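Enquirer: For reference, the sequence and a predicted model appear below.
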Amino acid sequence: MGRTPTTARGRATRRRILDAAAALIERRGVAAVTLDDVEHAAGVGRSQLYHYFDGRDDLVRSVVHSTVDTVLAAQEPLLLETDSLAGIDRWFDAIVANGTRQDAVGGCAIGSLAGQLSGQDDLTRQAFVDAFARWEAPLIAGLRRMQEAGELRPDTDVTELADLTMAAVQGGLLLAQVRRSPDQLRLALRGARAALEDALTNA
């Protein structure tokens, strides 16, 4: 791993390199981005880049971690309230609203990177395993609180239910991206909500 900067100037330089790499990858795809491209976009030299990152693979993995942090930070307030059907509905609504603002063409930043990189090497694949586990953890915790409160049936496997929900989110975002319609995302989330309703004790 590259060196972690200890000064504000160093942190700013590292962030500038990361942001430049992330923007290029979003526009062109990982395979089409070179270190020369990143250096030019960030306004840094090769020695500076290698000061903070151990080559291209390390830089790409750092982009993955940074992207995960950004996506989860935006969703965290809603994810922490997924201990009720109303709270889950608010989270779903926010996902659809975000997709609508992007004209349903952006898909999921994490999912897009995973599609390009998850087979690259074990370290990169593990970064995505960890990313989806972090994303799913608040939902599992919320569903477990619902179960402890007697709102979900005691025989409900909350981890399996959360897996199904996340699959609907990712699949819906991908279909919305491909078909240029947020209706595909709404439909996928409707299916996830039906599964959640089936698990309610009063269903």
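Expert: Everything's here; your move.
Enquirer: With just CA atoms, put the worst-scoring helix or strand of the chain on mean pLDDT into CSV.
Expert: Here the helix or strand of the chain ranked lowest by mean pLDDT, DSSP states H and E is helix 109-117, holding a mean of 82. Extracted as CSV, the C-alpha positions of helix 109-117 are listed here (Å, rounded to 0.1, in the frame of the first residue of the first chain):
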residue,chain,number,x,y,z
ALA,A,109,-21.1,3.3,-8.8
ILE,A,110,-20.1,0.3,-6.7
GLY,A,111,-21.9,-2.2,-9.0
SER,A,112,-20.3,-0.6,-12.1
LEU,A,113,-16.8,-1.0,-10.7
ALA,A,114,-17.6,-4.5,-9.4
GLY,A,115,-18.6,-5.6,-12.9
GLN,A,116,-15.3,-4.4,-14.3
LEU,A,117,-12.9,-5.4,-11.5
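Enquirer: Name the surrounding residues that touch it.
Expert: Helix 109-117 is contacted from outside by 25-26, 29-31, 60, 63-64, 67-68, 70-71, 124, 128, 131-132, 135, 170, 173-174, using C-beta atoms under 8 Å, 6 or more residues apart in numbering. (Glycine included, C-beta is placed from N, CA and C.)
Enquirer: what mean pLDDT does whatever helix or strand comes next after it have?
Expert: Using DSSP states H and E, the helix or strand that follows helix 109-117 in sequence is helix 122-148. When pLDDT is averaged over helix 122-148, the result is 91.
Enquirer: What is the distance between the helix or strand following helix 122-148 and the centre of its chain?
Expert: Once the chain leaves helix 122-148, the next helix or strand it forms, by DSSP H and E, is helix 158-179. Centroid displacement of helix 158-179 relative to its chain, using C-alpha atoms, centre = their mean, to the nearest Å, is 12 Å.
Enquirer: then the helix or strand just after helix 158-179 to PDB, C-alphas only?
Expert: Counting by DSSP H and E, the next helix or strand C-terminal to helix 158-179 is helix 183-198. Extracted C-alpha coordinates of helix 183-198, given in PDB (Å, rounded to 0.1, in the frame of the first residue of the first chain):
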ATOM      1  CA  ASP A 183     -39.500   2.100 -13.800                       C
ATOM      2  CA  GLN A 184     -37.200  -1.000 -13.900                       C
ATOM      3  CA  LEU A 185     -35.800   0.000 -10.500                       C
ATOM      4  CA  ARG A 186     -39.200   0.700  -9.000                       C
ATOM      5  CA  LEU A 187     -40.400  -2.700 -10.200                       C
ATOM      6  CA  ALA A 188     -37.400  -4.500  -8.600                       C
ATOM      7  CA  LEU A 189     -37.900  -2.700  -5.300                       C
ATOM      8  CA  ARG A 190     -41.600  -3.500  -5.400                       C
ATOM      9  CA  GLY A 191     -40.600  -7.200  -5.500                       C
ATOM     10  CA  ALA A 192     -38.200  -6.700  -2.500                       C
ATOM     11  CA  ARG A 193     -41.000  -4.900  -0.600                       C
ATOM     12  CA  ALA A 194     -43.400  -7.800  -1.200                       C
ATOM     13  CA  ALA A 195     -40.900 -10.200   0.300                       C
ATOM     14  CA  LEU A 196     -40.500  -7.900   3.300                       C
ATOM     15  CA  GLU A 197     -44.300  -7.700   3.700                       C
ATOM     16  CA  ASP A 198     -44.500 -11.600   3.600                       C
END
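Enquirer: Kind regards, and thank you for your time.
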